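> can't give you the sequence, but here's the structure:
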């Protein structure tokens, strides 16, 4: 069983909602990424979403753009990220890992080679931000052969017919973007979230995770009421930037993440 399926099955059995933590791999370096991954697992993160740094991250706001810039400046490459994941798996890391990547990076690596290398390293799913399902036949074929899950986005502006099409292509979970625009912290959760998640569930039995903009425990708790999991990214990346020169950075960021995890788990039973 794919680790993503196993995790959501366990969450449902326990009556819990999931917490997905996003960080940009290599920010500030790959050693720190490995330390953060282990610390996040200890504080209860259910899925780790690793951004593969790219020089033109079109779906990302300034916080995540700067993280990608720092990662590239530190010499991070896709091959380096794959080696880091493989090392974490050998050391016993069990949390599901999803790559958040732009197709240019995968294409440059070689699509078939990327899928093979990702599976061998211990990746469980890939969210290719700028690859629409209409153009993903080869990608999905390789992914299916390797038991890797293609994760797809649904936006507030996605019409019902397109939600139906995306649902047919998606595996693992569906990522609902809680607002129009790019990633980044926001002050409140859009009131339309519940209705949009319900619309997705009319077309798919996959878990739904809400992301983009969730930045406080209260927002995470509210989002978890509407979905099966929440994704927090920019708020965590901001903490990494704040503590990047602290030798206890991973511990400090994990404490922040732990409070967010508690916000999701507390009072949110399925």
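Nice, I can see it. A quick note: this is a predicted structure, and the numbers were derived from the prediction, not measured.

> for residue 49, helix, strand, or coil?
When classified by DSSP: H, G, I helix; E, B strand; the rest coil, residue 49 comes out as strand.

> residues contacting it?
With contact set as CB atoms under 8 Å, 6 or more residues apart in numbering, residue 49 has these partners: 20, 21, 22, 23, 97, 98, 99, 100, 127, 231, 233. Where you see a C-beta, it was placed from the backbone N, CA and C, and this is true even at glycine.

> can you flag which of the residues you listed belong to helices?
Judged by DSSP state H, helices contain none of the contacts of residue 49.

> export these to a markdown table and append columns for distance to residue 266, pLDDT and neighbour count.
Putting those into a markdown table (distance: CB to CB, whole Å; pLDDT from 0 to 100; neighbours: other CB atoms under 10 Å) gives the following:
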| residue | distance to residue 266 | pLDDT | neighbour count |
| --- | --- | --- | --- |
| 20 | 17 | 98 | 24 |
| 21 | 17 | 98 | 29 |
| 22 | 21 | 97 | 24 |
| 23 | 23 | 98 | 26 |
| 97 | 25 | 98 | 24 |
| 98 | 24 | 98 | 27 |
| 99 | 30 | 98 | 27 |
| 100 | 27 | 97 | 28 |
| 127 | 27 | 97 | 23 |
| 231 | 18 | 95 | 29 |
| 233 | 21 | 93 | 28 |
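
> looking at these, which is nearest residue 56?
Nearest to residue 56 among the contacts of residue 49 is residue 100, at 14.5 Å by CB to CB.

> so what's that closest one up against?
22, 49, 50, 51, 52, 127, 129.

> let me see the contact set for the fifth one.
Counting by CB under 8 Å, 6+ apart, residue 52 touches 25, 78, 81, 99, 100, 101, 102, 105.

> okay, and which of those map to strands?
Taking DSSP state E as the definition of strands, those contribute 99, 100, 101.
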